[in-house]
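**Student:** Sequence plus the predicted model coming up.
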Amino acid sequence: MNKRSKDVRRTVLDMLASSKRGHLGSAFSITEILLVLYDRILKYRPDEPEWPNRDRFILSKGQGCLSYYAILAEKGFFPEKKLVTFCRLDTYLGGHPEKNIPGVEISTGSLGHGLAVAVGMALAAKLDRKKHRVFVLIGDGESNEGSVWEAALYAAKHRLDNLTVLVDYNKMQSWGPTREILDLEPLADKWRAFGFAVREADGHDTNGIYRSLHKLPFKKNKPNLLICHTVKGKGIKSCENNPEWHHRRGLEGKIMNDLYRGLEEYR
């Protein structure tokens, strides 16, 4: 894990220490994916969030919003001092992203909706002959939803090669392994059968993710799909692949001290 990734995770812990609750596992799972997107791939203007030519990004698995908020604030979409208000009554930084947050395209967290909205955005861009691209990050547990596959069929039908879907494939969902709850394998073959051009990457290797995404589309007239193999809770050994860290409350005192120590000791 590089210093940049660790710094984002440390900011997430600061937010958890303030709110005393949140989805640590999902936030740590997607940190590197978000960093690559916002550091090296997406076109955007923090001082003009509605810039018409921006690339659109949707965090469909809205529970991973802690890392998302940390990066949006770092990029200047809103003041970093806002981060410690996470989940307070007087803040717009709730437990799932909402449209009133600068830089957030749609409210998400009701799983299975983000891809359908992204498909609509990508189709609209094609019809209007616009050059911006649409990216959406979905979860593997979220892929239990039938609406994900309906949207996938529609994207392929309309040859939406301006659409890129990233799957956070940490192989865990709320309280257990995906293979036990509802097995997704063979995941890559499923997406290919639905008409997507598919690649796979280590979801914590920023250079590998960038190599996969820096030249789009993967194949002309096909929507793009990148399976990011990740570890839920990546960055703190006691949290990794541990369903207890999908969401936790009561994060204070010794619990938080142990989390900070675990992150600093991680190699």
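**Tutor:** Perfect, thanks for sending it.

**Student:** drop to CA atoms for contacts and neighbour counts, all remaining ones
**Tutor:** Will do.

**Student:** quick one, helices of the stretch 51-200 of the chain?
**Tutor:** Assigned by DSSP state H, counting those that start in this stretch, the helices in the stretch 51-200 of the chain fall at 65-75, 114-127, 146-157, 178-181, 187-193.

**Student:** can you give me the offset of the longest one from its chain's centre?
**Tutor:** Using C-alpha atoms, centre = their mean, to the nearest Å, the mean C-alpha position of helix 114-127 is found 18 Å from that of the whole chain.

**Student:** Quick one: residues contacting N221.
**Tutor:** Applying C-alpha atoms under 8 Å, 6 or more residues apart in numbering, one finds that N221 lies in contact with R159, L160, D161.

**Student:** if we can go back for a sec, highest mean neighbour count out of the helices of the stretch 51-200 of the chain?
**Tutor:** When those are scored by mean count of other C-alpha atoms under 10 Å, the highest mean neighbour count falls to helix 65-75 (a mean of 23).

**Student:** got the CA positions of that one in PDB?
**Tutor:** Output in PDB follows, covering the C-alpha atoms of helix 65-75 (Å, rounded to 0.1, in the frame of the first residue of the first chain):
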ATOM      1  CA  CYS A  65     -18.900   6.600   0.500                       C
ATOM      2  CA  LEU A  66     -16.300   7.300   3.200                       C
ATOM      3  CA  SER A  67     -13.300   7.000   0.800                       C
ATOM      4  CA  TYR A  68     -15.400   8.800  -1.900                       C
ATOM      5  CA  TYR A  69     -16.000  11.800   0.400                       C
ATOM      6  CA  ALA A  70     -12.300  11.900   1.400                       C
ATOM      7  CA  ILE A  71     -11.200  12.100  -2.200                       C
ATOM      8  CA  LEU A  72     -13.900  14.600  -3.300                       C
ATOM      9  CA  ALA A  73     -12.800  16.900  -0.500                       C
ATOM     10  CA  GLU A  74      -9.200  16.500  -1.300                       C
ATOM     11  CA  LYS A  75      -9.900  17.400  -4.900                       C
END
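
**Student:** So what's the model's average confidence on that helix?
**Tutor:** Helix 65-75 carries an average pLDDT of 98.

**Student:** Name the residues that touch it?
**Tutor:** Here helix 65-75 has contacts from 8-9, 11-12, 15, 22-24, 27-28, 30-31, 34-35, 38, 46, 59, 78-80, 83, 93, 95-97, 103, using C-alpha under 8 Å, 6+ apart.

**Student:** Also stretch 135-149?
**Tutor:** 55-61, 111-116, 118, 163-174, 178, 182, 184, 194.

**Student:** Pull out the buried residues from it.
**Tutor:** By neighbour count on 16 or more other C-alpha atoms under 10 Å, the buried set for stretch 135-149 is 135-144, 147-149.

**Student:** Send me it as PDB with only the CA atoms.
**Tutor:** Extracted in PDB, the C-alpha atoms of stretch 135-149 (Å, rounded to 0.1, in the frame of the first residue of the first chain):
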ATOM      1  CA  PHE A 135     -18.200   5.300 -15.200                       C
ATOM      2  CA  VAL A 136     -20.000   3.400 -12.500                       C
ATOM      3  CA  LEU A 137     -18.600   1.300  -9.600                       C
ATOM      4  CA  ILE A 138     -20.800  -1.600  -8.500                       C
ATOM      5  CA  GLY A 139     -20.400  -4.200  -5.800                       C
ATOM      6  CA  ASP A 140     -20.300  -8.000  -6.200                       C
ATOM      7  CA  GLY A 141     -23.100  -8.400  -3.600                       C
ATOM      8  CA  GLU A 142     -25.000  -5.700  -5.400                       C
ATOM      9  CA  SER A 143     -24.800  -7.900  -8.500                       C
ATOM     10  CA  ASN A 144     -27.400 -10.200  -6.900                       C
ATOM     11  CA  GLU A 145     -29.900  -7.600  -8.100                       C
ATOM     12  CA  GLY A 146     -31.700  -8.400 -11.300                       C
ATOM     13  CA  SER A 147     -31.800  -4.700 -12.300                       C
ATOM     14  CA  VAL A 148     -28.000  -4.900 -12.800                       C
ATOM     15  CA  TRP A 149     -28.300  -7.500 -15.500                       C
END
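
**Student:** Many thanks, have a good one.
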